[in-house]
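1. Structure here, sequence nowhere to be found:
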């Protein structure tokens, strides 16, 4: 398999030369090319205006400039469409990690009413292919989208002039005071795990007749890799209290109950992993995104709420947002201005060469 992959793909400097590929879906040139065509095929959407590439633009390292995904009939999701790069090494997909394989994941946006809004049978009929072929071809194409050979990679491999002095200072902060490697590790700069950084936490703001905010909880929007399939909202009062049940329209409109934290505390605008597991401890957890190409893939976080790398660095320097489930690795860093600038400069050095197949 490795020999076949080397013949098909040039793996950029900095990535693991071993690429995990399912035995039942080996990489072939025909599948990669068919997957590329399907990735850009707008027939896979209800209104004929949306393709996978609509939210994962190859010109932006397969990301979107929109804070949340925009699907058919201009329907707006609730999560950001992250960069689709180096997903061959992914172990869980979507921001809440609900799907274990690319072959399953690539079909979900087609079925999502806020994304492409087709049944799989309708999609297959439109393009004249069976569902299995669509799945295997799209997964193969996404598996072949690679990013590496960045200034950082060249520096690590012996070119000591590949990073500026400021970027080298940023690298030291990244590894040390910034504690970034607690989550952003390995060739893909992601531990492929889920963490609560406080990005989804919203402190209550007093208002007339109420001291609570009530955001809706349905995770419709986009997930890690491709736009996420819509799932039923979960009532906050039920998280951790057993199997999730479908909420009523009134529940979804109101946010469906209490955060369980007491009046005046706050709520999670998106429960993240807890929507999948129903566990209180998973509230507010989202999957660690890659940092490769990060300078080209704004906005940031699961909801696209931070517009710039400066904003991201400030967020973590301040210690994220305190909440009952905050990851123990998230704490105030108290970076000074020069350290923040150096860290941003280093993050920009992670942009390199993006390849998509042979």
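-> That came in fine, so what should we check first? If you're wondering where the values come from, they're calculated on a predicted model, not measured in any experiment.
2. Please enumerate the helices of the stretch 51-200 of the chain.
-> For the stretch 51-200 of the chain, the helices defined by DSSP state H, counting those that start in this stretch cover 52-55, 102-105, 108-111, 120-127, 131-143, 151-156, 165-175.
3. can you redo these as CSV with mean neighbour count, distance to residue 26 and mean pLDDT?
-> All C-beta atoms are positioned from the backbone trio N, CA, C, and that covers glycine. Shown next, in CSV, are these (neighbours: other C-beta atoms under 10 Å; distance: least, C-beta to C-beta, whole Å; pLDDT from 0 to 100):
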stretch, mean neighbour count, distance to residue 26, mean pLDDT
helix 52-55, 23, 22, 98
helix 102-105, 21, 12, 98
helix 108-111, 24, 23, 98
helix 120-127, 15, 22, 98
helix 131-143, 23, 9, 98
helix 151-156, 20, 27, 98
helix 165-175, 18, 37, 98
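4. Can you lay out those as JSON lines showing distance to residue 301?
-> Shown next, in JSON lines, are the helices of the stretch 51-200 of the chain (distance: least, C-beta to C-beta, whole Å):
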{"stretch": "helix 52-55", "distance to residue 301": "16"}
{"stretch": "helix 102-105", "distance to residue 301": "20"}
{"stretch": "helix 108-111", "distance to residue 301": "20"}
{"stretch": "helix 120-127", "distance to residue 301": "30"}
{"stretch": "helix 131-143", "distance to residue 301": "22"}
{"stretch": "helix 151-156", "distance to residue 301": "22"}
{"stretch": "helix 165-175", "distance to residue 301": "18"}
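5. among the ones you listed, which is nearest residue 20?
-> helix 131-143 (8.8 Å; C-beta to C-beta).
6. Now do the closest one and helix 120-127, the angle between them.
-> Orientation check (axes from the mean of the first three to the mean of the last three C-alpha atoms, to 10 degrees): helix 131-143 against helix 120-127 gives 80 degrees.
7. Point to the helix or strand of the chain where mean pLDDT is at its lowest.
-> Ranked by mean pLDDT, DSSP states H and E, the weakest helix or strand in the chain is helix 249-254, scoring a mean of 29.
8. just checking, next helix/strand downstream of it?
-> As assigned by DSSP states H and E, the chain's next helix or strand after helix 249-254 is strand 266-268.
9. Direction included, what does that following strand pair up with?
-> Counting by DSSP bridges, the strands paired with strand 266-268 are strand 201-203 (antiparallel).
10. What lies in contact with the partner strand?
-> Residues outside strand 201-203 that contact it (C-beta atoms under 8 Å, 6 or more residues apart in numbering): 213, 215, 265, 266, 267, 268, 269, 284, 321, 322, 323.
11. mind giving me the domain ranges of the chain?
-> Domain segmentation of the chain under automatic domain parsing yields 2-147, 149-194+291-353.
12. Just the buried subset of the contacts of strand 201-203, written out for ChimeraX, thanks.
-> Per 16 or more other C-beta atoms under 10 Å, the buried members of these correspond to this ChimeraX selection:
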select :215,265,266,267,268,269,284,321,323
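13. mind showing which ranges of the protein have poor pLDDT?
-> For the chain, applying pLDDT under 70 flags the ranges 1-7, 205-264.
14. Go again with 90.
-> For the chain, residues meeting the criterion pLDDT under 90 lie at 1-9, 204-265, 357-358.
15. now the helix or strand containing residue 314, how far from the chain's geometric center?
-> Assessed by DSSP H and E, residue 314 sits inside helix 309-317. Here helix 309-317 is found 18 Å from its chain centre; the criterion is C-alpha atoms, centre = their mean, to the nearest Å.
16. now for that helix, which elements pack on it?
-> helix 337-348 (3 or more C-beta pairs under 8 Å, 6 or more residues apart in numbering; DSSP states H and E).
17. Nearest to residue 358 among the contacts of strand 201-203?
-> Within the contacts of strand 201-203, the smallest distance to residue 358 is 40.8 Å, found for residue 284 (C-beta to C-beta).
18. which ones are touching the residue nearest to that closest one when sequence neighbours are not counted?
-> Nearest non-adjacent residue to residue 284, counting by C-beta to C-beta, 6 or more residues apart in numbering: residue 196, 4.1 Å away. Residues near residue 196 by C-beta under 8 Å, 6+ apart: 272, 283, 284, 285, 286, 323, 325, 326, 327, 330.
19. Please consider this matter closed, and thank you.
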